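Enquirer: Any chance you can model this:
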Amino acid sequence: MELRFDIRRSDSPWADSVWTCTSERVTTMTSVAGVRWGLVFWEQDGRSHAAVTGPETRASTAPVPEGAVFTGIEFAVGTSLRVLPTPELVDSGVELPDTTRRTFRLDGARWPTPAADDAEALVERLVGAGIVVRDPLVAEILRGHEPTVSGRTVERRFRVATGLTRGAVRQIERARTAAELLAAGDTAADVVAKLDYFDEPHLARALRTYVGRTAGQLRDGTGGAIALELGQRLTS
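Expert: Predicted coordinates:
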């Protein structure tokens, strides 16, 4: 096995999920488009690293170094870092300096490097210090509330908070859900009907753009390593 990937939902309203990954030998994996920013910590060859990752608007191929152990936190849509606006992170990321096995530096202060089981404790500390913030209007929209401001204001604030348009968030999230359903055994026709795609070619284009897989590859588990909510251990 080349890549061991595990993910769990977070019980923090500020975070979406916590994941870990271990690479047993050099490999690559498909990085699926995503609408969230995150913090990722990893160790390789006795050195510790930390980075802020941004939303991704398309599927891409990401290298996974040999013998690396990762822990990551995906933050809730609409949250952001006080000192690093999410729009600046779209399709990119920033490695944090001066990281050790025990601590990392963010926003001028040192913080404890988390393990998967205490990731939420770090999230709460960052929120309490005002390092992680969120736009209350965007939070209300995501809960389904109707805004009292204009559509243009909503779109502008949504972009500032997430780095993406509301339409892009919907398309990416729908494609990820489609991929999970296909990996669980649903047919393409079932997914088209459940998620209101126009037809199977429409679904195929979305999967190619945002997931980097065909419906058949997802159902058969082929095409190489990929991380999805459903998959706990996915390898090439």
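Enquirer: C-alpha only now, for contacts and for neighbours.
Expert: Noted.
Enquirer: quick check, distance from stretch 175-189 to the centre of its chain.
Expert: In terms of C-alpha atoms, centre = their mean, to the nearest Å, the centre of stretch 175-189 is set 18 Å apart from its chain centre.
Enquirer: That stretch: which residues count as buried?
Expert: Neighbour-count burial for stretch 175-189, counted by 16 or more other C-alpha atoms under 10 Å, picks out 175-183, 186, 188.
Enquirer: Excluding chain neighbours, what is closest to residue 163?
Expert: Counting by C-alpha to C-alpha, 6 or more residues apart in numbering, residue 163 lies nearest to residue 87, which is 3.8 Å off, once chain neighbours are set aside.
Enquirer: From the structure, what's the count of residues near that neighbour?
Expert: Other residues within reach of residue 87, judged by other C-alpha atoms under 10 Å, total 18.
Enquirer: before we move on, the earlier item: among the buried residues of stretch 175-189, which lie within strands?
Expert: Secondary structure from DSSP state E places none of the buried residues of stretch 175-189 in strands.
Enquirer: Report pLDDT for the residue nearest to residue 163.
Expert: In this model, residue 87 is scored at 95, pLDDT.
Enquirer: if I pick residue 133, what's in contact with it?
Expert: Applying C-alpha atoms under 8 Å, 6 or more residues apart in numbering to residue 133 gives the contacts 79-82, 127.
Enquirer: Which strand or helix spans residue 203?
Expert: Element membership for residue 203 (DSSP states H and E) is helix 200-210.
Enquirer: next one: residue 7
Expert: If you go by DSSP H and E, residue 7 is part of strand 3-9.
Enquirer: who does the least confident helix or strand in the chain by mean pLDDT pair up with?
Expert: In the chain, no helix or strand scores lower on mean pLDDT, DSSP states H and E than strand 225-226, which sits at a mean of 80. Applying DSSP bridges, strand 225-226 is found paired with strand 27-31 (parallel).
Enquirer: just the CA coordinates of the helix or strand that the partner strand is followed by, formatted as PDB?
Expert: As assigned by DSSP H and E, the chain's next helix or strand after strand 27-31 is strand 38-44. The C-alpha trace of strand 38-44 is given here as PDB (Å, rounded to 0.1, in the frame of the first residue of the first chain):
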ATOM      1  CA  GLY A  38      -6.700  24.500   5.900                       C
ATOM      2  CA  LEU A  39      -3.700  24.000   8.100                       C
ATOM      3  CA  VAL A  40      -1.400  21.000   7.300                       C
ATOM      4  CA  PHE A  41       1.500  19.600   9.400                       C
ATOM      5  CA  TRP A  42       3.900  17.000   8.300                       C
ATOM      6  CA  GLU A  43       7.200  15.300   9.200                       C
ATOM      7  CA  GLN A  44       9.700  13.800   6.800                       C
END
